[in-house]
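S.K.: sequence? don't have it. structure:
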């Protein structure tokens, strides 16, 4: 974990309530897709955890949705502004288990960390299928970016306004070797029950500290409770115990 000052170079709206921000700074502690950063917002006590969407040299890309005061402040930031970030947080995805044809399943703002993962998997020559779920067409983003990586992309919308009508679990294809997923917990629970292969789940949680000092974000596993920020956010399918 490292605290560094980053400079905003881009901050633009890409879908309903959804923004893409690029920041320049020291990214040396970010070593795996699926890790996250914790952003200090001036005037607010708690930092905001945001997943890493992409990384190139020392330019970091994040995608966030305006859901509260902190992200609303972020949406108004301009290029040239500086932010304090804790970087290198979380364990990230393990790419070594992907096999030849991994499936990536994302819902809403759970999609961004899967983009960096997809890029790394494509660099290894994997045949990647990306299944992207949204509530409606106006909330969609990054479909084309996944296609440009060479992924086979399927989009679902709950209201049927674009792609396949329904949820991601209605469109899970057969034949994949392994899966990676990120999204809201109800979606993750449904994916757990709908998949037949092993896989990795990245949890979205509200966090107090972001590095394991508190137990504010935890998940029940076969070996006891694990902290999403420190022991996760990525957990193996076989270790998760879902609440009934």
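M.R.: Happy to help now that I have it. Computed from a predicted structure; not experimentally measured.
S.K.: buried ones in the helix ranked longest in the chain?
M.R.: Ranked by residue count under DSSP state H, the longest helix found in the chain is helix 112-123. Neighbour-count burial for helix 112-123, counted by 16 or more other Cβ atoms under 10 Å, picks out 112-121. (C-beta placed from N, C-alpha, C; glycine too.)
S.K.: try stretch 93-103
M.R.: 93, 95, 98, 101-103.
S.K.: mind checking the end-to-end distance for that stretch?
M.R.: 13 Å (Cα to Cα, to the nearest Å).
S.K.: let me know the outermost residue of the chain.
M.R.: residue 43 (26.0 Å; Cα atoms, centre = their mean).
S.K.: for it, which non-adjacent residue is closest in space?
M.R.: Sequence neighbours aside, residue 73 is the residue nearest to residue 43 in space, at 7.8 Å (criterion: Cβ to Cβ, 6 or more residues apart in numbering).
S.K.: rewinding a little: now do the longest helix of the chain: which elements does it pack against?
M.R.: strand 54-56, strand 102-107, helix 143-148, strand 178-183 (3 or more Cβ pairs under 8 Å, 6 or more residues apart in numbering; DSSP states H and E).
S.K.: chain center to that helix: distance?
M.R.: From the chain centre to the centre of helix 112-123 is a distance of 10 Å (Cα atoms, centre = their mean, to the nearest Å).
S.K.: this protein - how does it break down into domains?
M.R.: Annotated domains of the chain cover 2-89, 95-204 [automatic domain parsing].
S.K.: pick the most buried one from the helices and strands packed on helix 112-123.
M.R.: Mean neighbour count (mean count of other Cβ atoms under 10 Å) peaks for strand 102-107 among the helices and strands packed on helix 112-123, with a mean of 27.
S.K.: tell me which residues are up against it.
M.R.: By Cβ atoms under 8 Å, 6 or more residues apart in numbering, the residues outside strand 102-107 that reach it are 114, 117-118, 121, 126, 128-134, 151, 168, 172-173, 176-184, 187, 191, 199.
S.K.: quick revisit: run the angle between the next helix or strand along the chain from the longest helix of the chain and strand 102-107 for me.
M.R.: For helix 112-123, the following helix or strand on the C-terminal side (DSSP states H and E) is strand 129-134. Relative orientation of strand 129-134 versus strand 102-107 (axes from the mean of the first three to the mean of the last three Cα atoms, to 10 degrees): 10 degrees.
S.K.: next, the angle strand 178-183 makes with strand 129-134.
M.R.: Using the same axes, to 10 degrees: strand 129-134 against strand 178-183 is 20 degrees.
S.K.: pairing partners for strand 129-134, with directions?
M.R.: In the sheet, strand 129-134 lines up against strand 102-107 (parallel), strand 152-157 (parallel) (DSSP bridges).
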